[in-house]
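**Q** Following is a predicted model, sequence given first.
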Amino acid sequence: MTVVFDTIFAAGQWVQTERAGGKTIGLVPTMGFLHEGHLSLVRRARQRCDRVAVSIFVNPMQFVPGEDFEQYPRAFDRDLSLLEREGVHAVFHPDVKEMYPLQPVTSICIGKLGELLCGGSRPSHFRGIATVVAKLFHILQPDRAFFGQKDAQQAIIVQKMVWDLHFPVKIEICPTVREADGLAMSSRNVYLSPHDRAEATILYRSLQHAENLIRSGISNASRIEQEMQEMIRAVAAAELDYARVVDPESLEGMRQIDGNVLVAVAVRFGKTRLIDNMMITAEKRERK
Ligand code: AMP
């Protein structure tokens, strides 16, 4: 049976009971409008933990002014029945007042990691994410928390926050789930017109192109970035935000590829901003 909590108090009582019974807790934080990508995290959590909690909270603090906070798709009843089918034990679904009863004066500052890549066009986004994730960790006290590789920068920042602040939780990063044509699943894909949806495969195609170049032995990062940028710019509906080859820990750019790299793209189709990435490991290159 899946229990639903909309207060921090009720969630805390559930956590206490489960912990007293010696159960491990896995947390999957989401903003809802669930798809197979989210459900893959839930399935991993079910395998790894005795109890699984999913949070569904569209966090205003991670939207910068003018973004789609109000329009962000919401479908709680549908989400709940998907989670019931997956055997999720608890769903935490607070409203904004419950999570932010007062204007907060405290937030998690992640410095440069939050300014690179998506931080360039979404300046306070990662501060909002780190802060809400820290709050969820305190409320639900998970042993493990599950995040998607799809949002690579978010996963890296959460992992760093956990290390830096000694949160007693293990972070697990799960692979990106894609549509048949390679588009990474995202709640925001519903915003795309049929035409833009067809063109949106450019994100994955540009990542595959980068992977092929790297595997063929090309190690000049800016050449790879340029070829990706040209591919994306050739798609009329696509407005390039970034196409970068970066160090997977520092997220800084590089001249020559040496070791593991993260190739990351962000592209706008009208008002819809899509992101995707691929980790290319040194071993993967040597296997070519
Ligand atoms: P969101 O609801 O977009 O905030 O995403 C909640 C969690 O699901 C995050 O950890 C995301 O990285 C993860 N996620 C979203 N899309 C995918 C996907 N296509 N594959 C794997 N994980 C995903």
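**A** That came through fine. Note that the structure is predicted; figures quoted are calculated from it, not measured.
**Q** Point to the residue nearest the middle of the protein.
**A** Taking C-alpha atoms, centre = their mean, the centroid of the chain lies closest to residue 151, which sits 3.1 Å from it.
**Q** That residue contacts residue 266, correct?
**A** No. Residue 151 lies out of contact with residue 266 (C-beta atoms under 8 Å); the separation is 11.2 Å. Every residue, glycine included, has its C-beta placed from N, CA and C.
**Q** Spell out the residue ranges of the helices in the chain.
**A** Under the criterion DSSP state H, the chain carries helices at the ranges 8-20, 36-48, 76-85, 96-99, 125-140, 152-165, 194-199, 202-215, 221-233, 282-286.
**Q** Skipping adjacent residues, who's closest to residue 229 in space?
**A** Excluding its sequence neighbours, the residue lying closest to residue 229 (C-beta to C-beta, 6 or more residues apart in numbering) is residue 243, at 5.0 Å.
**Q** Quick check: that neighbour vs the ligand, distance?
**A** Applying C-beta to the nearest ligand atom, to the nearest Å, the value for residue 243 to the ligand is 19 Å.
**Q** Quickly list what that residue is bridged to.
**A** residue 265 (DSSP bridges).
**Q** wait, it sits on residue 228?
**A** Yes. Counting by C-beta under 8 Å, residue 228 is a contact partner of residue 243 at 3.9 Å.
**Q** what do those two both touch?
**A** Common contacts of residue 243 and residue 228 (C-beta atoms under 8 Å, 6 or more residues apart in numbering): 206, 263, 265.
**Q** which ones are touching the residue of the stretch 51-200 of the chain found nearest the ligand?
**A** Residue nearest to the ligand within the stretch 51-200 of the chain: residue 148 (2.2 Å; C-beta to the nearest ligand atom). Residues near residue 148 by C-beta under 8 Å, 6+ apart: 37-38, 40-41, 155, 173-177.
**Q** tell me which parts of the stretch 1-150 of the chain are close to the ligand?
**A** Contacts of the stretch 1-150 of the chain with the ligand, taken as C-beta under 6 Å from any ligand atom, map to 30-31, 37-38, 40-41, 147-148, 150.
**Q** Let me know the closest of those residues to residue 280.
**A** Of all these, residue 280 sits closest to residue 150, with 15.9 Å by C-beta to C-beta.
**Q** count of neighbours near that closest one?
**A** Neighbour count of residue 150, defined by other C-beta atoms under 10 Å: 20.
**Q** show me where pLDDT drops low in the stretch 151-288 of the chain?
**A** 284-288 (pLDDT under 70).
**Q** Can you name the residues of it sitting close to the ligand?
**A** Residues of the stretch 151-288 of the chain lying near the ligand (C-beta under 6 Å from any ligand atom): 151, 174, 176-177, 184-187.
**Q** By neighbour count, which of those wins?
**A** Result: residue 186 is most packed of those (other C-beta under 10 Å), 24 neighbours.
**Q** Grab the nearest non-local neighbour of it.
**A** Nearest residue to residue 186, sequence neighbours excluded (C-beta to C-beta, 6+ apart): residue 274, at 6.5 Å.
**Q** Next: residue 38.
**A** Per C-beta to C-beta, 6+ apart, closest to residue 38 is residue 30, 5.3 Å.
**Q** neighbours around the one you found, how many?
**A** Using other C-beta under 10 Å: residue 30 sits among 22 other residues.
**Q** that older thread, wait, which of the shared contacts of residue 243 and residue 228 is closest to residue 73?
**A** Nearest to residue 73 among the shared contacts of residue 243 and residue 228, with distances taken as C-beta to C-beta, is residue 265, at 22.4 Å.
**Q** from what I can see the closest one touches residue 246, true?
**A** No. Applying C-beta under 8 Å, one finds residue 265 not in contact with residue 246, separated by 11.3 Å.
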